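*Asks:* make a model of this:
(2 chains)
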Amino acid sequence: MRVRRRLDRRRLGLVVVAVGLALAWLVQVRAPVAGPPLYDGVITVDPYRYLDPPPGQRGDPLSASATEQPENGQSPVTAVATGEQPPQAQIFAAPGALVLPPGTTSIAVSISPVRPASQPSDGRLDGNVYRISLLNQGGAAIASAAGAKTTVVLRGPAGVPDPRIEWYSGGAWNEMPTSPAGLADTYLTTVTDFGDFALVVPGAASSGPAPSEPVPTGAPVTPAPSPGAVAPGSAGSGLATVAIVVALLLALLLVARVFVRPRQAPPGRRR
Amino acid sequence: MTAATAPRDPRHPSRLGSTWVGVAAPAGLLAALGLAAWLRADVLESGGDPILVGVSFGVLLLVLARIATPGRCGVIARSGRAGVATAVGLGLVCGGLLVAIAATAPAGGLRLEPGRAGALLPWSLVTLLAATAEESLLRGALFDTVEAAVGVPAALAVTSLAFALMHVPSYGWGVVPLDAAVGLALGGLRLAAGGWLAPAVTHGVADLATWWL
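*Replies:* Take a look at the predicted model:
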């Protein structure tokens, strides 16, 4: 009887495994997660790479580019990210999300750190400005359909509270609806047009020197040499916060111990 | 009525003895898991070292799982090499399938990360610890307590949902459908293998693959 019950559980389990895997595949095909599908894992966050690094900070921010081919006249899944871990800039568009000019046979996507055309008037830049361009083979700009939820994701320097994404258009920085993207210091916004995007910390505008000349489209700035990597906040603050977590969870364990009683083995049965 | 004075269910002498304890145990585990996941994300967001946070998170989940099921191991269905081999084999097959799904997805694909090999070993160890700890709690302690209280379907549903929701603080709501589906597969693996070693192997393989995904 017990053997049969175990077999039934095994069969049921294998069916559930198959259903779960099929659903996972379906989700990845229909609504793919931007970037690696994280079931969990420990995320290592590289120090932020500045285009013009402050003293002691890291330089050499990475660019990214890709060329996509339309499928049946529609744009394919477009997911491009810079190479940092996690990426400092990403774009993600679902199939058919992009509005392709007639005759488009290829879509060139590029993400490059650039110097800002101007400073925002409502805050200060938090990290690099990223130029995101989508052009067809003839150089015509490609936009996203309204409501297609094409997403731009930016990661900023560690520990800056509540920055928002702004888009440079019409000679000024414009605030975009911004939400946290899950990972630390990473934020996303949905867009219909592309161009220059940056994280901006609200408040007084930067009093620093005005930026140099704007960089022409498609000509990213050569990254400044790296003065050496420094991992912000990776030592002391980590230990302190982990100690707090440990203390809180130990308290929780004590509470759980009160509620959860040891299991009793059935009479006459040894475990 | 307290847990200490609750009468035992005569039909299931090995199960938690009262409705109150039967509901409180999984609820307590869920609350602890949620708090731990939220704290982990918060600490990481405020600049905490990922390795230290990962170790703390993993050890505490293991301790919590052990406290919740002190009289029973539940790692594999049968003791001995055959039981371990079966669980590991099932786990590896399922893990391979998950990696294949991720690698062949439209936004997926394998990419090597040269120059980061120095960090691979500590990252791998902590990732395996976190995966094992989560499975010991979700597919071990929580699955057992929910199944004892309300049965297998509820155990599958609760652990899958908990698995998906516990990742929201770190990765956002976008991962919920995928993680719920993967959680269901891991729950099925728990049933098929009879213990949480198989889902832990699968979880570990899927997590380790993110280095290259």
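
*Asks:* show me where chain B has its helices.
*Replies:* Ranges of helices within chain B are B:19-45, B:50-68, B:81-104, B:117-135, B:143-150, B:152-165, B:168-171, B:176-193, B:197-209, based on DSSP state H.

*Asks:* so where's chain B shaky on pLDDT?
*Replies:* Scanning chain B for pLDDT under 70 picks out B:1-22, B:44-48, B:70-73, B:76-80, B:105-119, B:170-172, B:212-213.

*Asks:* returning to what we had before: chain A is nearest to which of the helices of chain B?
*Replies:* helix B:176-193 (2.8 Å; C-beta to the nearest C-beta). For glycine as for every other residue, the C-beta is placed from the backbone atoms N, C-alpha and C.

*Asks:* circling back: which one, of the helices of chain B, ends up nearest to A:Ala181?
*Replies:* When the helices of chain B are compared for distance to A:Ala181 using C-beta to C-beta, the nearest one is helix B:168-171, at 8.4 Å.

*Asks:* okay, the helices of chain B in TSV with mean neighbour count and distance to chain A next?
*Replies:* Converted to TSV, those look like this (neighbours: other C-beta atoms under 10 Å in any protein chain shown; distance: least, C-beta to the nearest C-beta, whole Å):
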stretch	mean neighbour count	distance to chain A
helix B:19-45	20	4
helix B:50-68	22	4
helix B:81-104	18	5
helix B:117-135	20	5
helix B:143-150	23	8
helix B:152-165	20	6
helix B:168-171	20	4
helix B:176-193	26	3
helix B:197-209	27	4
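
*Asks:* I'd like the ones you listed as TSV, with distance to A:Val27 appended.
*Replies:* Shown next, in TSV, are the helices of chain B (distance: least, C-beta to C-beta, whole Å):
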stretch	distance to A:Val27
helix B:19-45	21
helix B:50-68	26
helix B:81-104	9
helix B:117-135	20
helix B:143-150	22
helix B:152-165	11
helix B:168-171	14
helix B:176-193	5
helix B:197-209	14
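
*Asks:* closest to A:Gly147 out of these?
*Replies:* It is, among those and with distance given as C-beta to C-beta, helix B:176-193, at 19.8 Å.

*Asks:* what's the angle from that closest one to helix B:117-135?
*Replies:* Taking axes from the mean of the first three to the mean of the last three C-alpha atoms, to 10 degrees, one finds helix B:176-193 and helix B:117-135 inclined to each other by 70 degrees.

*Asks:* residues near the residue nearest to B:Leu120 when sequence neighbours are not counted, how many?
*Replies:* If the residues on either side of it in the chain are set aside, B:Leu120 comes closest to B:Trp211, at 6.7 Å by C-beta to C-beta, 6 or more residues apart in numbering or on different chains. A total of 19 residues lie near B:Trp211 under the criterion other C-beta atoms under 10 Å in any protein chain shown.

*Asks:* where's B:Trp211 relative to A:Phe92, distance?
*Replies:* Using C-beta to C-beta, to the nearest Å, one gets 21 Å for the distance from B:Trp211 to A:Phe92.

*Asks:* partner residues bridging A:Ser65?
*Replies:* For A:Ser65, the beta-bridge partners under DSSP bridges are A:Ser110.

*Asks:* next, count neighbours for it.
*Replies:* As a burial measure, A:Ser65 scores 13 neighbours (other C-beta under 10 Å).

*Asks:* ok, it - contacts?
*Replies:* By C-beta atoms under 8 Å, 6 or more residues apart in numbering or on different chains, A:Ser65 lies in contact with A:80, A:108-111.

*Asks:* can you check the pLDDT for it?
*Replies:* If you check A:Ser65, the pLDDT there is 91.

*Asks:* go on, A:Asn72?
*Replies:* The model reports A:Asn72 with a pLDDT of 87.

*Asks:* can you pull the buried residues of stretch A:53-71?
*Replies:* For stretch A:53-71, a neighbour-count test (16 or more other C-beta atoms under 10 Å in any protein chain shown) marks A:53, A:57-64, A:68, A:70 as buried.

*Asks:* nope, stretch A:107-123 is what I meant
*Replies:* Buried residues in stretch A:107-123 (16+ other C-beta under 10 Å): A:107-117, A:119-120, A:122-123.

*Asks:* same thing with stretch A:132-149?
*Replies:* Quick answer for stretch A:132-149 (16+ other C-beta under 10 Å): A:132-136, A:142-144, A:148.

*Asks:* and the end-to-end length of that stretch?
*Replies:* Using C-alpha to C-alpha, to the nearest Å, the end-to-end distance of stretch A:132-149 comes to 16 Å.
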